[in-house]
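>>> Sharing a model that was predicted from the sequence below.
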Amino acid sequence: MDVMRISGGIPLRGTVRTQGAKNAALPVMAACLLLRGRRMALDNVPNLQDVDTMVDLLRSLGVGITREGSGIVFDVPETIAWEASEQLVRRMRASSLVLGPLLARCGSAVLPLPGGCSIGSRPIDLHLKGLTQMGAKIEIKNGFVHAQADRLRGRRIYLDFPSVGATENLMMAAVFARGETIIENTAREPEIGNLAEVLRDMGVQVDTEGTGCVRIRGVDDVRDCSARVIPDRIEACTYVLAGVMTGGEITVEDIIPEHIDALLAKLEEAGASFSVKGNAVAVHPVKKLRQISIRTLPFPGFPTDLQPQMVAALTLSNGVSMVEESVFQSRFLYAAELNRMGANIEIRKDTAVIRGVDGLDGASVRATDLRAGAALILAGLAAKGETRIEHMEHVFRGYESIDRKLRALGADVALEAGTETK
Ligand code: UD1
């Protein structure tokens, strides 16, 4: 178990640079499976546990991988395997992103069903429904998805929910489909745009109108390609909130302002002070945030991946804030941990009712998942005294060198012996 200790109460100061986006890197990495005897060069890949898991998974399928700093080169042979390892899929749900490209390229794919996780049941029925509509034969046997299709057929698909993973899987599946695939009600997250860019660089015609519709014209083969992973909007916003919560003065660099509009709009409503200049956001100190109401939604709505961190910030606001989670079913497990630190959060079905308190106190708490862990770190930075956070391994899945980055901003943060970030 990995553990972090924080001595809180220090206003953060300085500049932090945003890492490449985990959620953009993973689907783009999976897209290399579409190549045959060709290579993909990817830049600005974050150094994270989840990226390592995707590397292991791609290697297990036969892809040659060379890493140098934040660059990865994928050499994809003419023949690859199409059965994803159960152990790796269990380690990371996003492993299911290999299903679409494997099926498109190999005509067959076997994927262990990813199962639930601590933020909800997270089925992949929309992925499977879309693939079936494109002509795949799908069978579920002993917890494995077996998919087969000599060649998928392009057609119009309507997603019942704008699922990020389903949109990505179907986009990759459409690359070798006969004719045009039109996916309606797609996710509009910026990570979808990053994947579309890579597919275009492979020589595929992809039209993302930014309005929840993606059109892809199938091709017979794709070519070498290269891409840069976009900045991680969730990591960037987590640092913005660290500045706000500690009454600090920090600059978060390498952001794309339109990607973090939802957070900035809500922070403005809550009375935070910040300025956006080019690709950086500077946070200025304010005494207290005001109460606000938030509902998580698919992009461009407020991201569910920032919900725990925002709730942590609102524990110190004036009045009563309401945060409704509409994307995942059980994403409030961390609230009880924040309450151990003196927060006053009541969970009513899908809504957190947060009564602002004057201060938080350090305590021993446990990260239940990646973003929950980030919320506890924010609380620890703002709290009086020492906070000890167990199960930091969840946090390392998504935040590169978080201890070092926080220390560079002046935080008093240490990892217990035996704990190492990437
Ligand atoms: C991605 C992100 C994750 C983020 C989420 C929502 C990656 C690697 N992960 O996850 O960090 O929290 O988007 O922004 O990019 N659903 C179904 N059936 C399906 C697929 C999804 O019911 O077949 C439901 C899910 O249970 C959930 C909702 O749709 O309630 C959103 O899920 P989805 O957008 O698919 O999230 P992921 O792609 O898994």
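Now that the structure is in, tell me what you want to look at. Residues are numbered from 1 along each chain as shown.
>>> For the chain, list the residue farthest from the centre, please.
The C-alpha centroid of the chain is most remote from Asp150, which lies 32.3 Å away (C-alpha atoms, centre = their mean).
>>> So His394 belongs to a strand, correct?
No - assigned with DSSP: H, G, I helix; E, B strand; the rest coil, His394 falls outside any strand and is helix.
>>> got the contact list for it?
By C-beta atoms under 8 Å, 6 or more residues apart in numbering, the contact list for His394 reads Ala367, Thr368, Asp369, Leu370, Ala372, Gly373. C-beta coordinates here come from the backbone N, C-alpha and C atoms, glycine included.
>>> how about 7 Å then?
Taking C-beta atoms under 7 Å, 6 or more residues apart in numbering as the criterion, His394 is in contact with Ala367, Asp369, Leu370, Gly373.
>>> Now do it, the pLDDT please.
pLDDT recorded at His394 is 93.
>>> how near is it to the ligand?
Using C-beta to the nearest ligand atom, to the nearest Å, we find His394 at a distance of 12 Å from the ligand.
>>> Return the backbone torsion pair for Gly212.
Torsion angles at Gly212 (phi, psi; degrees, to the nearest 10) stand at phi 80, psi 20.
>>> Sorry, slip of the keys, the one I care about is Glu68.
Main-chain dihedrals, Glu68, degrees, to the nearest 10: phi -140, psi 110.
>>> How many residues are close by it?
If you count neighbours by other C-beta atoms under 10 Å, Glu68 ends up with 7.
>>> and Ile250, what are its bridge partners?
Beta bridges link Ile250 to Gly14, Val283, judged by DSSP bridges.
>>> for Ile354, same thing?
Counting by DSSP bridges, Ile354 forms beta bridges with Ser321, Ile345.
>>> What confidence value was assigned to it?
Note for Ile354: predicted pLDDT of 98.
>>> I'd assumed Ala312 was in contact with it.
No - when contacts are counted by C-beta atoms under 7 Å, Ile354 is not listed as touching Ala312 (9.4 Å).
>>> And the two? Which one has more around it.
Ala312 (32 against 27).
>>> that older thread, leaving aside the residues next to it on the chain, what's closest to the residue farthest from the centre of the chain?
Gly107 (5.5 Å; C-beta to C-beta, 6 or more residues apart in numbering).
>>> same deal with Gly37?
Nearest non-adjacent residue to Gly37, counting by C-beta to C-beta, 6+ apart: Glu78, 4.6 Å away.
>>> Check Leu360 too.
Residue nearest to Leu360 in three dimensions, not counting chain neighbours: Ala383, with 3.9 Å by C-beta to C-beta, 6+ apart.
>>> show me the contacts for the one you found.
By C-beta under 7 Å, 6+ apart, Ala383 lies in contact with Gly8, Gly9, Met341, Leu360, Asp361, Gly362.
>>> try it again with 10 Å
Neighbour list for Ala383: 6-9, 245-246, 315-316, 338, 341-343, 359-363, 376 [criterion: C-beta atoms under 10 Å, 6 or more residues apart in numbering].
>>> how much space between it and Ser364?
Using C-beta to C-beta, to the nearest Å, one gets 12 Å for the distance from Ala383 to Ser364.
>>> again with Val240
From Val240 to Ser364 the distance is 27 Å (C-beta to C-beta).
>>> and if you look at Ala411?
Ala411 is 18 Å from Ser364, by C-beta to C-beta.
>>> For these two, indicate the residue with more neighbours.
Ala411 (23 against 14).
>>> so Asn318 touches Leu289, yeah?
Yes - contact status for Asn318 versus Leu289: in contact at 7.2 Å, counting by C-beta atoms under 10 Å.
>>> Mutual contacts of those two, please.
Both Asn318 and Leu289 are contacted by Ala270, Gly271, Gly356, under the criterion C-beta under 10 Å, 6+ apart.
>>> Doesn't Val145 lie inside a strand?
Yes - Val145 forms part of a strand when assessed by three-state DSSP.
>>> and the nearest residue to it once chain neighbours are set aside, what are its phi and psi?
Counting by C-beta to C-beta, 6+ apart, Leu111 is the residue found nearest to Val145 once chain neighbours are left out, at 4.7 Å. With angles defined as degrees, to the nearest 10, Leu111 sits at phi -140, psi 130.
>>> Cool, thanks, talk later.
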